[in-house]
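Asker: got a predicted structure here, sequence first:
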Amino acid sequence: MERIVLASNNKHKIQEFKEILKNYEILSLNDIQFFDEIEETGETFEENSLIKAQTIHDYLKKQHQGMMVVSDDSGLCCESLEGSPGVYSARYAGNHNNQANRDKLRKELQGKDPKAAFVCCITLIKPDGDVSQFVGSTSGRIIDEERGDTSFGYDCIFLSDDLNKTFGEATEEEKNSVSHRSRAIQKLVDAL
């Protein structure tokens, strides 16, 4: 079975990739003994996704291990906030606090168009260095009321156009059927 290194240790993300890429063995950063912090200095999802993938590709090359590398970067973009929170979605309020991030976003959207989209960019680097990128998105709007599971990011205030409920209210299967990441992963699958 061909191996793909996912430039992540996020258990939820690893599981999602494993469920979709069933014909591949998915390895995490821990599996390849990579323990450094990768600085995401890009200004776009594409740039940050490429930084992560390139870092791991270079690391594997030094170890003389030729494997495909996949990374992703994603976040929430609001039209009326010129794309914010964007690449800063996880630390929008200055830290990785979901509640503080949601509170700040709702405050900044007061009196503005609540249209929003989750966007995901996946980068694939093949052992020979060939790079491909795949973008997926899902549209909705930000609502004031928190509905459903509040444990994950902006899900409980993102009312999905596809589902007509918040991602916080959706089942895992419902969310995965329309999510930005699943749409980007499907493009990756088609390319593989």
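Answerer: Thanks, I have the structure now.
Asker: run through the protein and note the low-pLDDT ranges.
Answerer: Applying pLDDT under 70 to the chain flags no residue at all.
Asker: pick out the residue closest to the middle of it.
Answerer: Nearest to the geometric centre of the chain sits Ser74, at 3.4 Å (C-alpha atoms, centre = their mean).
Asker: distance of that one relative to Met67?
Answerer: For Ser74, the distance to Met67 equals 23 Å [C-beta to C-beta, to the nearest Å]. (C-beta placed from N, C-alpha, C; glycine too.)
Asker: if we can go back for a sec, and the residue nearest to the centre of the chain, how far from Gly86?
Answerer: With C-beta to C-beta as the criterion, Ser74 and Gly86 are 10 Å apart.
Asker: give me the common contacts of the two.
Answerer: Shared contacts of Ser74 and Gly86, defined by C-beta atoms under 8 Å, 6 or more residues apart in numbering, are found at Phe45.
Asker: ok, residues contacting the longest helix along the chain?
Answerer: Of all segments of type helix in the chain, defined using DSSP state H, the longest is helix 45-62. Applying C-beta under 8 Å, 6+ apart, the contact partners of helix 45-62 are 5, 7, 29, 32, 34, 38-42, 66-67, 69-75, 86-87, 119-125, 129, 131, 133, 135.
Asker: show me those residues that map onto helices.
Answerer: Going by DSSP H, the helices hold none of the contacts of helix 45-62.
Asker: from the residues you listed, which land in strands?
Answerer: Among these, the ones falling in strands (DSSP state E) are 5, 69-75, 119-125, 131, 133, 135.
Asker: now list the buried members of those residues.
Answerer: Among the ones in strands among the contacts of helix 45-62, those buried by neighbour count (16 or more other C-beta atoms under 10 Å) are 5, 69-75, 119-125, 133, 135.
Asker: may I see the buried residues of the longest helix of the chain?
Answerer: 45-57, 59-60.
Asker: how about stretch 94-112?
Answerer: Asn98, Asn101, Arg102, Lys104, Leu105, Arg106, Glu108, Leu109.
Asker: hang on, Gln133 packs against Ile125?
Answerer: No. The pair Gln133 / Ile125 is not scored as a contact, 9.9 Å apart, by C-beta atoms under 8 Å.
Asker: which neighbours do those two share?
Answerer: Joint contacts of Gln133 and Ile125 (C-beta under 8 Å, 6+ apart) do not exist.
Asker: coming back round to it: can you name the residues that contact the residue nearest to the centre of the chain?
Answerer: When the contact criterion is C-beta under 8 Å, 6+ apart, the partners of Ser74 are Phe45, Ser89, Phe118, Val119, Cys120, Cys121, His180, Arg181.
Asker: what about it, distance to Lys165?
Answerer: Counting by C-beta to C-beta, the gap from Ser74 to Lys165 is 20 Å.
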